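Peer 1: Sequence plus predicted model, see below.
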Amino acid sequence: MSDVIDWAVLRATAREACATAYAPYSGYPVGAAALVDDGRVVSGCNVENAGYGVTLCAECGLVSDLVRGGGGRLLAFTCCNGEGDVIMPCGRCRQLLWEHGGADLLVETPEGVLSMTEVLPQAFGPEALGK
Ligand code: THU
């Protein structure tokens, strides 16, 4: 499957999403993009809030895009900052990604492409709940 992943397209989509971010408080826009198992590309940007803790990470928007578009499994994921540099998804967002991609999801990191098991070892997931 990794041979069909066009990382350049995912990076470009993440950068487009980043340009739409609403980040007036941190001044740190983030864009995220992912390939879905049906070929779709989903994306999201961070959306901050005056109640800082209410902020939505870019990955939240991406997961919403995924589910609203019919669901599916995430195969490959990347996210970037306003400089266009690849960044790591925060801990909470790794958990979000695990739910919709699991162990097989590939994540682009500043150190190259890694599997979700490498970026979120011993993840808590649906099987722990018998799902
Ligand atoms: N942020 C994301 O959107 N995703 C991440 O994985 C890391 C952090 C956002 C949240 C906040 O709006 C800004 O980056 C600074 O933390």
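Peer 2: On my side now, so go ahead. Model, not experiment: these values are computed from the prediction.
Peer 1: if I pick Val9, what's in contact with it?
Peer 2: Contacts were defined as Cβ atoms under 8 Å, 6 or more residues apart in numbering; by that measure Val9 touches Val41. Every C-beta, even on glycine, is put in place using the N, C-alpha and C of the backbone.
Peer 1: which phi and psi does it have?
Peer 2: Main-chain torsions, Val9, degrees, to the nearest 10: phi -60, psi -40.
Peer 1: Next: the one 10 residues further on.
Peer 2: Reported as degrees, to the nearest 10, the phi and psi values for Ala19 are phi -70, psi -20.
Peer 1: so how far is Gly53 from the nearest residue to Leu62 once chain neighbours are set aside?
Peer 2: Among residues not flanking Leu62 along the chain, Gly44 sits closest, at 3.5 Å (Cβ to Cβ, 6 or more residues apart in numbering). Going from Gly44 to Gly53 by Cβ to Cβ, to the nearest Å gives 19 Å.
Peer 1: Neighbour count for these two, which is higher?
Peer 2: Neighbour tally, Gly44 and Gly53, criterion other Cβ atoms under 10 Å: the higher count belongs to Gly44, 28 against 5.
Peer 1: And that one, what's its pLDDT?
Peer 2: In this model, Gly44 is scored at 99, pLDDT.
Peer 1: What of Met1?
Peer 2: Listed pLDDT for Met1 reads 58.
Peer 1: Kindly report the same for Ala123.
Peer 2: At Ala123, pLDDT is 98.
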